[in-house]
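A.B. asks: fold the following and give me the result.
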Amino acid sequence: MVISLKADTENFVLKNGEEQQFGVSAKILTNPFCEANCSLSLYDLGKDEFVYYEDIYLKFSSPISRDYILYSNEDKHGQSLYKLNLKCNTVKSRLCYTNTDISKSRTKIISVDYELNEEQKKTKDELKNETESINKKLHAIKNSLDYFNLNYYFLDLSRFEEEFFNLSVLSSSFLDEVNSLNVLYANQEYSKLKEEADNMSDKVNILNNRFDILNLSVKSEINVYNVLVDNVSLMYSEILYLEDYAFSNHSIPYANSFVEDFNSMVLKLDTKDTIQNKLYLFNQVNLKKENLSTLLTEENISGIPRENVLNKLISNPANLQKIKVEGENYSYSFTLNEPSPICCLSNECYSCIEDSSSNYPIILVHGHSFNEKLSAELSMEAFSDMANHLENDGYLNAGYFYGSEYSEISKGYLGKINKSIVVEATYYLDTSTTEEGSFILDSKWEDIDTYSERLNEIVTNVKYLTGKDKVIIVAHSMGGLVTRNYLKIYGDESVDRLILVGIPNHGIDGFVRNYCATFGADIECNEMDENSTFIYELNSVSLPNVPLYNIVGLGCFWEGSDGDGIVKNESAYLPGENVENVYVNGTCSGVDFFHVRMIKPTSHPEIYKIIKDFIEEWGEI
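C.D. replies: Got it, this is the predicted structure:
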């Protein structure tokens with residue numbers, strides 16, 4: 001049974017609040033008397049839930065079609081992936097016999113790029129402005145506090161230290177909260193950002209008001225101190241003439257006392273003290289000055305004899321220095337970067353991956369078809385068991401790939417999640433493009449050069465659709481020859497590593513060669529002959545300069561050799577410094593060859609583990 005699943009789109013853009021319809025068709029090709037129980041589902045990979053699911057009954061060559069509608073109620077822009085899956089089991093009957101209960105399935109990954117609608121864009125821009133404003137205001141306060149000075153030699157400002165300390169602690173703690181706003185914006189969590197930004201704005205405004213009060217209070221005391229210094233200097237200049245002034249017997253004690261108090265004040269003002277104490281001291285001396293001035297005026301009026309001079313020298317207050325207050329400008333420039341698109345997988349969301357050198361896709365390349373009359377799609381199913389196991393182990397099974405053309409909107413759409421995709425490739429399908437459109441044709445009677453050309457198209461397309469610069473190839477049987485030939489023709493720049501399983505690297509001979517053409521195409525069999533020009537030329541050039549793992553099957557003996565039942569040990573072995581040959585053991589029984597089972601994890605989990613370890617040896621999934 002061959003099953004087919006097609007969708008009329010691979011990806012589309014959907015504005016939030018809108019909906020999009022796309023069509024799906026499914027059919028089976030099998031014995032005309034066979035029917036199948038199937039399930040058709042659409043699964044949201046981001047939310048890890050079914051969007052649509054239905055059980056359907058398919059008859060031979062009687063396709064069904066469905067229209068699905070996707071609706072967006074997101075408040076962010078980014079990508080969501082949906083898995084379209086058709087799974088079928090043949091219904092056994094008197095006229096329809098099947099020898100397996102294994103289900104067959106087809107998978108297609110559909111991408112939806114969500115965009116904000118106009119109202120959401122407006123909200124986003126408003127939140128951006130508010131968040132930037134909060135950042136600027138808080139950092140301006142923080143910078144002001146970092147340069148805020150309460151330590152002056154002449155002025156004791158210790159009464160402000162507690163408030164300064166509290167504001168410094170608050171501003172530092174607010175930085176973490178404001179940074180969390182920036183993270184919310186980057187993660188496009190706009191609803192939560194709106195709530196927390198409003199709350200944070202109030203807190204920063206209160207902090208700013210407290211700082212303004214502190215700043216004004218400190219500046220006020222500094223200004224008062226600077227005025228005091230000016231007044232002391234003025235007082236000094238006013239009383240210098242007293243040194244040449246004649247005093248009466250009555251006024252001389254007052255004059256000496258005043259000068260002594262002035263000198264004492266100058267000494268005390270030269271020490272660190274509060275502005276209140278300094279003002280009190282100055283006012284006391286200033287009062288004496290005024291009293292002395294009044295007394296001298298009265299003496300001048302009364303004509304009292306004045307023959308006494310000061311016996312005290314007046315201290316020069318030149319050492320008293322004003323505190324220079326700079327015009328601070330601690331503004332802070334801050335701009336939020338536009339949020340990266342958000343990708344979600346299994347309820348885990350993150351910025352979509354843009355790294356072309358991570359999470360390389362894995363391409364599974366099948367081997368020789370044992371019956372050229374069967375559909376090429378059956379050849380791809382050789383790796384279905386492994387693809388399913390890899391998906392269970394954390395990879396994303398993207399279904400089957402072959403040479404085709406893809407639109408600009410499809411560029412990189414499968415490489416944005418933080419997982420590697422797995423694709424099952426076939427070089428047995430060819431794409432023919434005419435004025436009426438593109439058609440997929442079975443083409444299993446070509447030479448290996450042609451298959452290598454198609455593999456090159458597959459590699460190019462997988463790189464294009466994932467946005468990655470390299471791929472990992474796991475090839476089986478003749479697929480390994482196709483892959484090695486592809487590398488010989490096109491180079492190894494696009495391949496990160498190569499894992500070969502059961503490859504006739506040095507050709508086939510004996511009964512395998514004799515019966516090859518009975519089951520497969522003559523051209524393939526002729527080229528795989530151990531004495532063919534193709535095999536000679538393939539092994540006459542250097543191996544690709546990439547890590548190469550070569551898994552060789554043993555345990556089946558025929559024609560004097562050990563091997564996997566199809567490929568002999570001596571043919572599978574590859575020499576080379578960058579080659580790691582790994583031997584695995586199995587059994588053969590009749591036409592149940594170890595060669596076929598080597599890539600089936602259900603049959604040989606130990607070999608699957610080896611392959612998986614090789615896939616992951618240099619990177620994370």
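
A.B. asks: when you work out contacts or count neighbours from here on, use the C-alpha atoms and nothing else.
C.D. replies: Noted.

A.B. asks: straight-line length of stretch 332-341, end to end?
C.D. replies: Using CA to CA, to the nearest Å, the gap from the first to the last residue of stretch 332-341 comes to 28 Å.

A.B. asks: in the stretch 451-600 of the chain, where is pLDDT below threshold?
C.D. replies: For the stretch 451-600 of the chain, the stretches with pLDDT under 70 are 517-521.

A.B. asks: all strands for it, in order.
C.D. replies: Ranges of strands within the stretch 451-600 of the chain are 471-476, 495-501, 548-554, 556-558, 561-563, 579-585, based on DSSP state E, counting those that start in this stretch.

A.B. asks: let's have those in TSV, adding mean neighbour count and distance to residue 192.
C.D. replies: TSV is the format used below for those (neighbours: other CA atoms under 10 Å; distance: least, CA to CA, whole Å):
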stretch	mean neighbour count	distance to residue 192
strand 471-476	25	40
strand 495-501	23	42
strand 548-554	24	50
strand 556-558	16	64
strand 561-563	20	63
strand 579-585	16	53
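
A.B. asks: of all those, which lies closest to residue 530?
C.D. replies: Among the strands of the stretch 451-600 of the chain, strand 561-563 comes nearest to residue 530, with 15.0 Å by CA to CA.

A.B. asks: what's the spacing between that closest one and its chain's center?
C.D. replies: Relative to the centre of its chain, strand 561-563 is centred 49 Å away, using CA atoms, centre = their mean, to the nearest Å.

A.B. asks: same check, this time on stretch 545-556
C.D. replies: Worked out by CA atoms, centre = their mean, stretch 545-556 lies 35 Å from the chain centre.

A.B. asks: between the two ends of it, how far is it?
C.D. replies: For stretch 545-556, the first-to-last residue distance is 32 Å (CA to CA).

A.B. asks: so which of the strands of the stretch 451-600 of the chain is nearest residue 317?
C.D. replies: strand 495-501 (81.8 Å).

A.B. asks: partner strands of that closest one, with direction?
C.D. replies: The pairing partners recorded for strand 495-501 under DSSP bridges are strand 471-476 (parallel), strand 548-554 (parallel).

A.B. asks: who wins for proximity to residue 522 among the strands of the stretch 451-600 of the chain?
C.D. replies: The nearest among the strands of the stretch 451-600 of the chain, by CA to CA, is strand 471-476 at 19.4 Å.

A.B. asks: neighbouring contacts of the closest one?
C.D. replies: Here strand 471-476 makes contact (CA atoms under 8 Å, 6 or more residues apart in numbering) with 360-367, 459, 462-463, 483, 494-503, 599, 615.

A.B. asks: what comes up buried for stretch 250-259?
C.D. replies: Within stretch 250-259, the residues that count as buried by 16 or more other CA atoms under 10 Å are 251-252, 254-259.

A.B. asks: excluding sequence neighbours, find me the nearest residue to residue 563.
C.D. replies: In space, and not counting its chain neighbours, residue 563 is closest to residue 554: 4.3 Å by CA to CA, 6 or more residues apart in numbering.

A.B. asks: quickly list what that neighbour is bridged to.
C.D. replies: Beta-bridge partners for residue 554, by DSSP bridges, are residue 585.

A.B. asks: same question, residue 558
C.D. replies: For residue 558, the beta-bridge partners are residue 561 (DSSP bridges).

A.B. asks: distance check, it against residue 564.
C.D. replies: For residue 558 relative to residue 564 (CA to CA), the value is 10 Å.
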